[in-house]
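In: Pasting the sequence and the predicted coordinates here, then a few questions.
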Amino acid sequence: EQRRMAEEALLHQATLDHTARLAILGEMASAIAHELNQPLAAIGNFARGMARRITAGRLEPAPLLDGTHEIVTQSERAASIIRNIRAFSQKRASEQKSVDLKAVVGETIALFTGTHPQARVIWQPAETPEVSTVVADPVQIQQVMLNLLKNALDAQQTAGRADEPIEVQFRAEAGACVITVRDGGCGLAPEQFARLFEPFFTTKTEGLGLGLSLSKGIIESLGGTLSAAAHDDGKPGLAIGFSLPREESQEDL
């Protein structure tokens, strides 16, 4: 009976995680469509240009080869976007493995800025020799990071400061890897901090209130913590981040 209840709890968590990922993709849908439209439009432009050259009898190989190379490059770009979206949206069991947290965060920022060109994200990984390897599911880490980045951008847009940079910082401390997302948005009232990670609590007019709650569950299931605070320098906005045990620290236990 205990095993059955544990299996049901895991299935329920997997369903919630999948729902949250689909919600994130839903919020990003228009940006994703825009991002896909760029390589598709480029492919069409190069193909039409090559067709005009062939029709006019201008068959010099060099420009035609350049056009075909550009078509290949743009098609690979579009295929990469689709692969990333499919991998992120699939419903599947959590797969924890050794991952480079810096690399996963960097890839997620690239995905986010690619679909939100208006966002100014400054990625500041610490230039130190500390190991940034953790045991985690990279798709779940992407899910957490996309949620934090989208919340930061939404907060800045609400505050009328969409052009403010969103700072993402990495540091290592006491056997843990720490990621912090700092925005220049509207911040939170004191009473909102106490409820920030409650299911269905949201400050967005159209929010589901599940993103941060599920993100906290993901991070805690990996032995880490997720927390938020006002900026210690008094600037407007919010600093929210998570820590995960470094893999070497887990091996030493």
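Out: Arrived safely. These numbers come from a predicted model, not from an experiment.
In: alpha carbons only for contacts and neighbour counts from here, please
Out: Noted.
In: Three-state assignment for Asp154, please.
Out: Judged by DSSP: H, G, I helix; E, B strand; the rest coil, the three-state class of Asp154 is helix.
In: Run a quick neighbour tally on it.
Out: 18 (other Cα atoms under 10 Å).
In: Likewise for the one 4 residues further on?
Out: The local packing count at Thr158 equals 13, with neighbours defined by other Cα under 10 Å.
In: wait, doesn't it sit right on Gly184?
Out: No: in this structure Thr158 lies outside contact range of Gly184 using Cα atoms under 8 Å: 10.5 Å.
In: So the spatially most central residue of the chain versus Lys235, what's the distance?
Out: With distances taken as Cα atoms, centre = their mean, the residue of the chain nearest its centroid is Leu146 (2.8 Å). Using Cα to Cα, to the nearest Å, Leu146 is found at 23 Å from Lys235.
In: Can you classify Val178 by secondary structure?
Out: strand.
In: OK, contacts around it?
Out: Residues in contact with Val178 (Cα atoms under 8 Å, 6 or more residues apart in numbering) are 169-172, 241-244.
In: if we go to 7 Å?
Out: 170-172, 242-244 (Cα atoms under 7 Å, 6 or more residues apart in numbering).
In: How is the chain partitioned into domains?
Out: Structural domains assigned to the chain are 1-89, 97-245, following the TED database.
In: export those domains to a markdown table and tack on mean pLDDT?
Out: Shown next, in a markdown table, are the domains of the chain (pLDDT from 0 to 100):
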| stretch | mean pLDDT |
| --- | --- |
| domain 1-89 | 76 |
| domain 97-245 | 81 |
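In: right, so those domains: which one is the most enclosed?
Out: domain 97-245 (a mean of 18; mean count of other Cα atoms under 10 Å).
In: So what's the gap between that domain and the chain middle?
Out: Offset of domain 97-245 from its chain centre (Cα atoms, centre = their mean, to the nearest Å): 9 Å.
In: And the strands in the stretch 51-200 of the chain?
Out: Remark: strands assigned in the stretch 51-200 of the chain by DSSP state E, counting those that start in this stretch are 97-100, 120-124, 133-136, 165-173, 176-182.
In: Who are the packing partners of the fourth one?
Out: Other elements packing on strand 165-173 under the criterion 3 or more Cα pairs under 7 Å, 6 or more residues apart in numbering; DSSP states H and E are strand 120-124, strand 176-182.
In: Kindly recompute the last result at 10 Å.
Out: Under the contact criterion of 3 or more Cα pairs under 10 Å, 6 or more residues apart in numbering; DSSP states H and E, strand 165-173 touches helix 101-115, strand 120-124, helix 138-158, strand 176-182, strand 238-245.
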